[in-house]
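>>> build me a model from this:
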Amino acid sequence: MNDFYYRKLNVYHKSMQLVANVYQLSKAFPECEKFGLSNQIQRAAVSVPSNIAEGMGRFSNKERIHFLEMANGSLMEVMCQLEVALILQYISQQQFDEQELFISETTKMLVGLRKNFEDKIV
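Take a look at the predicted model:
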């Protein structure tokens, strides 16, 4: 369907992979974190593609930029929560490093998309 423009964006697909990564990692968190860190990091991860999709559903570039900024904020929230998971030894250093690289790449893609919309504002 062509109605869902956001599905054409590589950053959207990359952020959906981040969701899958976070859910996979958080499965190994202790049961006591089910309603704590696990829930929080999952919600933050889901917020990234959700904000991209919502932003692309807006008609003005300023609104699109706003939602891309929110998606970027959620990425930073996921990064912080991964750091917490590392400190608490819920994930390994290797898992953390892999996700840090993944999030860094996703951030660069979001920044590029944001700049594209900024350049269209007259």
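
>>> every contact and neighbour count from this point should use C-alpha atoms.
OK.

>>> check this structure and tell me which residue is nearest its centre.
residue 48 (3.6 Å; CA atoms, centre = their mean).

>>> who are the packing partners of the helix or strand hosting that residue?
Assessed by DSSP states H and E, residue 48 sits inside helix 37-56. Here helix 37-56 touches helix 10-26, helix 61-87, going by 3 or more CA pairs under 8 Å, 6 or more residues apart in numbering; DSSP states H and E.

>>> so what's the gap between it and the chain middle?
6 Å (CA atoms, centre = their mean, to the nearest Å).

>>> got the angle for that helix vs helix 61-87?
Calculated by axes from the mean of the first three to the mean of the last three CA atoms, to 10 degrees, helix 37-56 forms an angle of 160 degrees with helix 61-87.

>>> pull helix 37-56 out as CSV, backbone CA atoms only.
Output of helix 37-56 as CSV, limited to C-alpha atoms (Å, rounded to 0.1, in the frame of the first residue of the first chain):
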residue,chain,number,x,y,z
LEU,A,37,13.4,-2.0,33.2
SER,A,38,12.1,-4.6,30.7
ASN,A,39,8.8,-2.8,30.2
GLN,A,40,10.5,0.6,30.1
ILE,A,41,13.1,-0.3,27.5
GLN,A,42,10.5,-2.1,25.4
ARG,A,43,8.2,0.9,25.4
ALA,A,44,11.1,3.3,24.5
ALA,A,45,12.1,1.0,21.6
VAL,A,46,8.5,0.8,20.3
SER,A,47,8.3,4.6,20.5
VAL,A,48,11.0,5.0,17.9
PRO,A,49,9.2,3.5,14.8
SER,A,50,5.9,4.8,16.2
ASN,A,51,7.1,8.4,16.1
ILE,A,52,8.6,8.0,12.7
ALA,A,53,5.3,6.6,11.4
GLU,A,54,3.3,9.3,13.1
GLY,A,55,5.5,12.0,11.8
MET,A,56,5.3,10.8,8.3
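
>>> list the buried ones in it?
By 16 or more other CA atoms under 10 Å, the buried positions in helix 37-56 come out as 37-38, 41-53, 55-56.
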